[in-house]
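>>> Sequence and predicted structure are below.
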Amino acid sequence: MFIDCKIEYFYVNYKILLMFTSNAFQKQLFEQIFDSTTGKSKITADLMAILGCSRASLYRKRIGSTPLTADELIKIANHFSLSIDALRSHPENNSHIVVCTTLPPIQSYADIDFYIDNTKKNLELAISQPTAQLYFTAKEVPLYRYMDMPGLSAFRYYLWIMENMRKNERFDPKNIPQELIDKGRELTNLSEGIKSTEFWLPSAFDNLIGQIKYVSNSSRMSNRIKDQLKEELETVLQKLVQNVKTEQTDKGKPYQMVLCHYLTLSDAALIEIGPNHSEVMFSYGSINYMKSSNPNIINAFRRGLRYHKLEGQTLGALDSDTIDDFASSIRIKINEL
């Protein structure tokens, strides 16, 4: 799953600088915040707390008579999971500019909290809108598909720490803070409340299976723990098959799988939160991604999705044999661990 991260910098460009001088930008920013969700009173209270200002001062910022500082803009964007490049005053003049979000350096499991909490905000915002829909291109198993599994979620956290801190420790789920395990379960639970279409490759499980095999063969995982991960992989696979055959998530939301022979798109997610609010997120590392609401990028990604839906096979209740063949090929690889 793609997680919203702290904004660390903007590409310095005179057009971006011009963007911040316009009252129209601030008005557009606050309009998007108030239009994208319900509960106007709570939004007002949240903004007053974030900015440390009175209701009157907030009103002046909303109408653009008092300019936002860069620090205030970043606080608002992080809190409401907004993509700044979608709010440029003149997008037709600088559509090539994309604002990148990235995660601060990870030095402990506590640093992953920021990552998880912001993902929850994204999902909660989507769930609050009845027309929201998620599109995911799955070159490997989507994160939210297995974060409710205690062993597999612990393994994912472990790999993030090993990669970012260049460690070589043995893996044991008991070493992962229980709070992170619980939050991972919440992410999976939230994802099941959104209408979704996933574009899968037959090899989507290969990377996760390969990671488990590598750590096991490196004597950094006991056979007991490996067997636990195998059982959880089987559970994830069974749940996926059930979703495909019933054409719905565990919470009854519409679900579709498109089985593709290949994917030209990167691992990415498109969230359509409302008629005027869509965001696309592209992975560029194990925990990092780029997020944009740029209409050109979103439209290009949508074209890619349409192409793969035509070229691939949309599976459902009438495709039981194909679904079972897909699952059988993955099950063989799981059992070989």
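Arrived safely.
>>> what's downstream of the longest helix along the chain, the next helix or strand?
When the chain is parsed with DSSP state H, its longest helix is helix 223-246. Downstream of helix 223-246, the next assigned helix or strand under DSSP states H and E is strand 255-259.
>>> If you average the pLDDT over the following helix or strand past that next one, what comes out?
Counting by DSSP H and E, the next helix or strand C-terminal to strand 255-259 is strand 268-274. Across strand 268-274, pLDDT averages out at 86.
>>> helices or strands next to strand 268-274 in the packing?
If you count contacts as 3 or more C-beta pairs under 8 Å, 6 or more residues apart in numbering; DSSP states H and E, strand 268-274 packs onto helix 112-127, strand 133-138, strand 277-283, helix 295-311. C-betas here are computed from N, CA, C, even on glycine.
>>> Can you list the strands that it pairs with?
For strand 268-274, the pairing partners within the sheet under DSSP bridges are strand 133-138 (antiparallel), strand 277-283 (antiparallel).
>>> partners of the residue nearest to residue 253 when sequence neighbours are not counted in the sheet?
Spatially, and ignoring its direct neighbours in sequence, residue 253 is nearest to residue 195 (5.0 Å; C-beta to C-beta, 6 or more residues apart in numbering). Note on residue 195: beta-bridge partners residue 133, judged by DSSP bridges.
>>> OK, contacts around residue 195?
Shown in contact with residue 195 (C-beta atoms under 8 Å, 6 or more residues apart in numbering): 132-134, 253-255.
>>> cool, residue 251 as well?
Applying C-beta under 8 Å, 6+ apart, one finds that residue 251 lies in contact with 192-193.
>>> cool, the one 5 residues further on as well?
Listed by C-beta under 8 Å, 6+ apart, the contact set of residue 256 reads 196-198, 247, 314-316.
>>> at 7 Å what do you get?
197, 247, 314 (C-beta atoms under 7 Å, 6 or more residues apart in numbering).
>>> Looking at strand pairing, list the partners for it.
For residue 256, the beta-bridge partners under DSSP bridges are residue 197.
>>> ok, it to residue 130 distance?
18 Å (C-beta to C-beta, to the nearest Å).
>>> Switch the helices and strands packed on strand 268-274 over to a markdown table; also include mean neighbour count.
Shown next, in a markdown table, are the helices and strands packed on strand 268-274 (neighbours: other C-beta atoms under 10 Å):
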| stretch | mean neighbour count |
| --- | --- |
| helix 112-127 | 19 |
| strand 133-138 | 22 |
| strand 277-283 | 22 |
| helix 295-311 | 15 |
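>>> Quick one: closest of those to residue 328.
Closest to residue 328 of the helices and strands packed on strand 268-274 is strand 133-138 (C-beta to C-beta; 18.4 Å).
>>> just the angle between the closest one and strand 255-259, please?
Relative orientation of strand 133-138 and strand 255-259, computed by axes from the mean of the first three to the mean of the last three C-alpha atoms, to 10 degrees: 30 degrees.
>>> Can I get strand 133-138 as CSV, trimmed to CA atoms?
In CSV, the C-alpha atoms belonging to strand 133-138 read as follows (Å, rounded to 0.1, in the frame of the first residue of the first chain):
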residue,chain,number,x,y,z
GLN,A,133,-12.9,3.9,-5.6
LEU,A,134,-9.4,2.4,-5.5
TYR,A,135,-7.5,1.1,-8.5
PHE,A,136,-4.3,-0.8,-7.8
THR,A,137,-1.7,-2.2,-10.2
ALA,A,138,-0.3,-5.2,-8.3
